[in-house]
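J.: sequence-free structure coming up:
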């Protein structure tokens, strides 16, 4: 079965700084990859997803992610973080059998 | 349009009591999922419904947990004889269908606290 690892439990960045959240997956075939964001007290909102084609995916709120098959990674990036980006971020991997597995999440704190 | 809604938003109960959590999926979505999110953990898959097919219960942690989906729409997750370790946020999601890569849309969750 597929699995996903988010190595960083908690990351703190200054407002205006760049951000990269790491995600590594394990799956034997080409995966379906997702990033979701969860603001406090809210459900998860889809930021972006990758199926095939261009390995650099643009999402909402200025986020992007790059699929790197050689590294089994799908890291999320943003060039300039805003205070409102403080939230929990989840990477997820979907398989051809329709199963989806979520990572444990990375909590982002934004310093003024 | 309306998103996925869940009720109650918060539930406090005593150990040993039964609780029912409700999920209203997006209209027209045939697939419905329940997840559990414990503190510091990712999302743990519990159960999934697709149309009128038999649900996939492979993620239910014990026989105290059950779920049903009436009329292919609203779903209820029931936890019997609650235990303190059941304390978590229970998230419901729906999607148009269950297909590889189909986007799941999440509700705000029900925060359950078992005293």
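T.: It's in. Values in this document were obtained by computation on a predicted structure and should not be read as measured data.
J.: Surely residue A:84 is within a helix?
T.: Yes. Residue A:84: assigned to a helix according to DSSP: H, G, I helix; E, B strand; the rest coil.
J.: how about the residues of chain A that lie near chain B?
T.: Taking CB under 8 Å from any CB of the partner chain as the contact definition, chain A meets chain B at A:6, A:9, A:32, A:34, A:36, A:41-46, A:49, A:51, A:90, A:92, A:94-105. C-beta here means a position set from N, CA and C on the backbone, and glycine is covered the same way.
J.: What about the residue lying closest to residue A:6 once chain neighbours are set aside, how many residues nearby?
T.: The shortest distance from residue A:6 to any residue other than its chain neighbours is 3.8 Å, reached at residue A:103 (CB to CB, 6 or more residues apart in numbering or on different chains). Counted with other CB atoms under 10 Å in any protein chain shown, the neighbours of residue A:103 add up to 24.
J.: Tally up the residues packed near residue B:80, please.
T.: Residues within reach of residue B:80, counting by other CB under 10 Å, total 14.
J.: With the one 3 residues further on instead?
T.: A count of nearby residues for residue B:83, using other CB under 10 Å, gives 12.
J.: again, but for residue B:28
T.: Applying other CB under 10 Å, we find 9 residues neighbouring residue B:28.
J.: Next one, pLDDT for it please.
T.: We have a pLDDT of 90 for residue B:28.
J.: Then the one 10 residues further on?
T.: The model reports residue B:38 with a pLDDT of 87.
J.: measure it to residue A:72 for me?
T.: Taken as CB to CB, to the nearest Å, the spacing of residue B:38 relative to residue A:72 amounts to 26 Å.
J.: Of these two, give the one with the bigger neighbour count.
T.: For residue B:38 against residue A:72, the residue with the higher neighbour count under other CB under 10 Å is residue A:72, and the figures read 16 against 13.
J.: contacting residues around the more buried one?
T.: Taking CB atoms under 8 Å, 6 or more residues apart in numbering or on different chains, we find residue A:72 in contact with A:24, A:25, A:26.
J.: Give the helix, strand or coil label for the second one.
T.: Secondary structure assignment for residue A:25 (three-state DSSP): strand.
J.: helices and strands of chain A: which one bottoms out on pLDDT?
T.: The helix or strand of chain A with the lowest confidence, counting by mean pLDDT, DSSP states H and E, is strand A:100-102 at a mean of 86.
J.: can you list contacts of it?
T.: A:1-4, A:34, A:36, A:90-94, B:35, B:42-43, B:45, B:104.
J.: Quick check: of the residues you listed, which lies closest to residue B:19?
T.: The shortest separation between residue B:19 and any of the contacts of strand A:100-102 is 16.3 Å, and it belongs to residue B:35 (by CB to CB).
J.: so the residue most central in space within chain A bridges to which residues?
T.: Most central residue of chain A, judged by C-alpha distance to the mean C-alpha position with CA atoms, centre = their mean, is residue A:35 at 3.7 Å. With DSSP bridges applied, the residues forming beta bridges to residue A:35 are residue A:48, residue A:91.
J.: Tell me if I'm right that it and residue A:89 touch.
T.: Yes. When contacts are counted by CB atoms under 8 Å, residue A:35 is listed as touching residue A:89 (6.5 Å).
J.: and the gap between the residue nearest to residue A:6 and residue B:42?
T.: 5 Å.
J.: Which neighbours do those two have in common?
T.: Both residue A:103 and residue B:42 are in contact with A:6, A:90, where contact means CB under 8 Å, 6+ apart.
J.: And the strands in the chain, which stretches?
T.: You didn't say which chain, so I picked chain A. When secondary structure is read from DSSP state E, chain A shows strands at A:3-5, A:10-14, A:19-21, A:24-26, A:32-38, A:44-50, A:56-58, A:64-68, A:73-78, A:87-94, A:100-102, A:106-111.
J.: Actually, chain B is the one I wanted.
T.: B:5-7, B:10-13, B:19-24, B:31-37, B:43-50, B:65-69, B:75-79, B:88-95, B:105-106, B:110-114.
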